[in-house]
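J.: When you get a sec, could you give me coordinates for this:
(one chain, ligands or ions: 1)
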Amino acid sequence: MATAIEVRDVHKSYGHVKALKGLSFEVPEGGKYALLGPNGAGKTTTLRLLVGLLRPDYGTVRVLGRDPAVDYEVKRRIGYLPEDPSPYPTLTVRENLEFIAALRGVEDPRDRAEKMMDLLGLRNYERRMVSTLSRGNLQKLAIALALIHEPDVVLLDEPLNYLDIPTQEEVIGILSKMRATFLVSTHILSVAGRLTDRILIISGGTLIWQGTFNDLRGMAREDEPVEAVVARLMRSAGA
Ligand code: ATP
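T.: Next comes the predicted model:
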C-alpha cells in the first residue's frame, strides 16, 4: 500500500525549545491513525508540519509523496482542523462555507455549503456571524471547513474539543465513514480506539510506541484501565 504520510527523522525547534527530536512514522493510504501524547509532546507541531505551515529544521515531511511546505497541489488535497480555528469572524456560517468551498475549487460551493451545514447540524446558525457563535458551534464550523473539499488526507487537531456528547457521536460517525487517510490528535483514548486502526504515542518530540488499541488493552494489568497503560508508557518515556 502506498504511503500517504511520511515523517522521517524530523527535528523542529522554536528558538531554544526543541519540539521534535527525530520523529519518524508513516501512515499508509487510507490509514486511520491517532496521535497521542502528553501536553507539549509535539502533536500540534507535527500536524502543522504536515499541512505545510512549518518547515522542519532537519528531516523529511511528505504528504502523498510531496512536500506540503512548497507544493500547492498537495495542499489542496489536505483538510486541516487547527487547534484554534479562526474562520472569518465577520462572515456568517454560510458565507464562510461558500467562500472556502469556492477557494478550494469545489464545483458548486452553495450546494456543498448546504450539505456540510446539514451534516454538522449548523442549519439553525447559517445566518449567524462567526463572532457570535458558541465555541462548540465554532468547532462544528471548523470541522465542516476542513472537510468541505473532500480531501484525501485529513489532519485533525483535537476535533472533539468543546463538542457536546451527541455532537461528538455525530462527528465520530462522520469520520468513521470517510475513505480519506486521516491522522487525528486527541487526548481521549476511547475516541482513538473507536476511530483509528493504529495509535502513535509521542513524548518529548519522538515516537515512543505504536500499535493498536487492542495491543494497549493487552498490556493492561488486571483491572487496569487502558488510560493507565498509556500513562505508564508516557511516564517511562520521561513525560
Ligand atoms: P498539547 O497536548 O499541550 O496541545 P502538543 O503535543 O500539541 O501539546 P506542541 O504544541 O506541538 O505540543 O508543542 C511542543 C513544544 O513546542 C512545547 O514545548 C511547546 O511549548 C513548544 N512550542 C509550540 N509552539 C511554540 C511557539 N510558537 N513558540 C515557542 N514554543 C512553542
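J.: So which bits of the chain are right by the ligand?
T.: When proximity is defined as Cβ under 6 Å from any ligand atom, the chain approaches the ligand at Y14, V17, A19, G37, N39, G40, A41, G42, K43, T44, T45. Heads up, the C-betas are built off the backbone N, CA and C, glycines and all.
J.: 8 Å instead, please
T.: Residues of the chain lying close to the ligand by Cβ under 8 Å from any ligand atom are 14-15, 17-20, 37-48, 83, 157-158, 185, 187, 202, 205.
J.: low-scoring stretches of the protein, by residue?
T.: 239 (pLDDT under 70).
J.: quick one: stretch 85-105 to chain centroid distance?
T.: On the basis of Cα atoms, centre = their mean, to the nearest Å, stretch 85-105 sits 19 Å off its chain's mean C-alpha point.
J.: Work out which residue lies at the spatial centre of this protein.
T.: L156 (1.4 Å; Cα atoms, centre = their mean).
J.: secondary structure element for that one?
T.: Using DSSP states H and E, L156 sits within strand 153-157.
J.: Give me the angle between whichever helix or strand comes after that strand and strand 153-157.
T.: Next along the chain after strand 153-157, taking DSSP H and E as the criterion, comes helix 165-177. Interaxial angle, helix 165-177 versus strand 153-157 (axes from the mean of the first three to the mean of the last three Cα atoms, to 10 degrees): 150 degrees.
J.: After helix 165-177, which helix or strand is next?
T.: Counting by DSSP H and E, what follows helix 165-177 is strand 181-185.
J.: Show residues contacting that following strand.
T.: 4-5, 27-37, 43-44, 46-47, 50, 152-159, 175, 191-192, 195-196 (Cβ atoms under 8 Å, 6 or more residues apart in numbering).
J.: Now do the contacts for A142.
T.: L81, P82, P85, P87.
J.: Out of these, which is nearest to the ligand?
T.: P82 (11.0 Å; Cβ to the nearest ligand atom).
J.: and the nearest residue to that closest one once chain neighbours are set aside, bridged to which residues?
T.: Leaving aside its sequence neighbours, P82 sits nearest to D157 (Cβ to Cβ, 6 or more residues apart in numbering; 5.7 Å). Taking DSSP bridges as the rule, D157 bridges to S185.
J.: so what's D157 up against?
T.: K43, T44, L47, Y80, L81, P82, E83, S185.
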